[in-house]
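A.B. asks: build me a model:
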Amino acid sequence: MDIQWYPGHMTKTKRMLLTQMGLIDVVIELLDARIPLSSRNPDIDTIAKDKKRVLLLNKADLASENITARWEEHFRQMGFFTLPVNAKDNKKTGGTAKLAALLKEIMRPKVESQKKRGRINAPIRAMIVGIPNVGKSTFINQLAGRAGTITADKPGVTRGRQWIKVGSDFDLLDTPGVLWPKFDDQQVGIRLACTGAISDNVLDKITLATHLLTLLTDIDPAIIEKRYRVTTASLAGAASATDESGTSNEVNVPGEINTPSEAALQLLTDIGNARGFKMKGGVIDLERTAIILIDEFRGGKLGRISLEWPE
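C.D. replies: Numbering: from 1, shown residues only. Next up, the predicted model:
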């Protein structure tokens with residue numbers, strides 16, 4: 001199975017980004033702090049190659065604090081400005097105030113140059129980009145201090161560009177969430193699907209849940225065992241099994257999604273049994289179990305979890 005999800009409006013969005021880049025001083029890219037690498041659109045590096053860049057690690061409250069700090073340092077070494085933020089709890093984290101201060105500092109040389117030429121109080125023009133459902137609209141609403149954009153807990157809501165006034169200092173260009181046409185590594189597609197960046201109609205819930213279980217068990221089996229009162233020994237053993245060449249039997253083949261392993265399906269069944277999700281005849285409702293697992297991961301009920309980290 002091959003995960004690809006690239007609605008037609010995303011091609012139009014990419015063209016729009018290119019045409020608007022000449023108006024922009026700085027590009028702000030929102031990433032999902034749980035998957036900073038997978039949620040980075042590689043096209044943006046090409047589109048915004050000559051611009052100042054700020055990476056915001058959103059949903060930092062759902063990610064491992066220690067691993068997020070490692071990502072911050074990783075991106076700084078690459079030459080990006082970076083901040084961890086939580087768009088849904090801005091008052092607590094102060095992310096928008098920190099971003100405003102950072103933008104002023106980044107653009108200070110240009111602002112001072114404009115003042116010398118008589119251009120006083122010329123606003124900084126920033127473009128904000130990000131993959132679908134990364135929290136971009138929510139963050140913009142916090143930054144602007146009003147509900148200026150449409151928000152929804154599903155990918156692909158913002159359809160057209162919007163210029164938003166942020167105080168007297170900034171003009172912010174919002175853009176629709178955009179993915180890239182092909183995931184060369186299907187593990188990227190799995191991580192995006194787990195966090196909700198890809199439409200839930202692309203991959204069936206049971207398959208997605210089994211891949212999520214494999215990821216979580218590989219990170220720390222206690223995540224699943226404490227929450228659902230089950231043992232992960234069989235899946236942990238399968239995930240670490242190697243053949244005679246020393247190659248893991250569970251490595252995903254680039255370009256396709258492996259079918260769920262028997263160990264992962266059994267673990268999902270065990271969770272459903274522990275929760276009492278049974279249908280007629282005592283059959284475990286795997287669909288309901290999968291939905292609960294995915295929702296609880298996305299909602300942070302399994303703890304602060306990062307699905308990837310800098311090497």
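A.B. asks: and the helices in the stretch 51-200 of the chain, which stretches?
C.D. replies: In the stretch 51-200 of the chain, the segments counted as helices under DSSP state H, counting those that start in this stretch are 65-77, 90-93, 95-116, 136-144, 186-195.
A.B. asks: now the ones you listed in JSON lines, with mean pLDDT and mean neighbour count?
C.D. replies: The way it works is simple: take the backbone N, C-alpha and C, and place the C-beta from them, glycine included. JSON lines is the format used below for the helices of the stretch 51-200 of the chain (pLDDT from 0 to 100; neighbours: other Cβ atoms under 10 Å):
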{"stretch": "helix 65-77", "mean pLDDT": "96", "mean neighbour count": "16"}
{"stretch": "helix 90-93", "mean pLDDT": "66", "mean neighbour count": "14"}
{"stretch": "helix 95-116", "mean pLDDT": "85", "mean neighbour count": "15"}
{"stretch": "helix 136-144", "mean pLDDT": "82", "mean neighbour count": "23"}
{"stretch": "helix 186-195", "mean pLDDT": "89", "mean neighbour count": "23"}
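A.B. asks: between those helices, which one is closest to Leu23.
C.D. replies: helix 95-116 (13.8 Å; Cβ to Cβ).
A.B. asks: about what we covered before: distance to Lys14 added to the helices of the stretch 51-200 of the chain, as TSV?
C.D. replies: Output for the helices of the stretch 51-200 of the chain, formatted as TSV (distance: least, Cβ to Cβ, whole Å):
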stretch	distance to Lys14
helix 65-77	23
helix 90-93	29
helix 95-116	24
helix 136-144	16
helix 186-195	17
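A.B. asks: out of those helices, which gets nearest to Ile47?
C.D. replies: helix 136-144 (16.2 Å).
A.B. asks: which strands and helices sit next to that closest one?
C.D. replies: Helix 136-144 is packed against helix 95-116, strand 124-130, strand 162-166, strand 170-174, with contacts defined by 3 or more Cβ pairs under 8 Å, 6 or more residues apart in numbering; DSSP states H and E.
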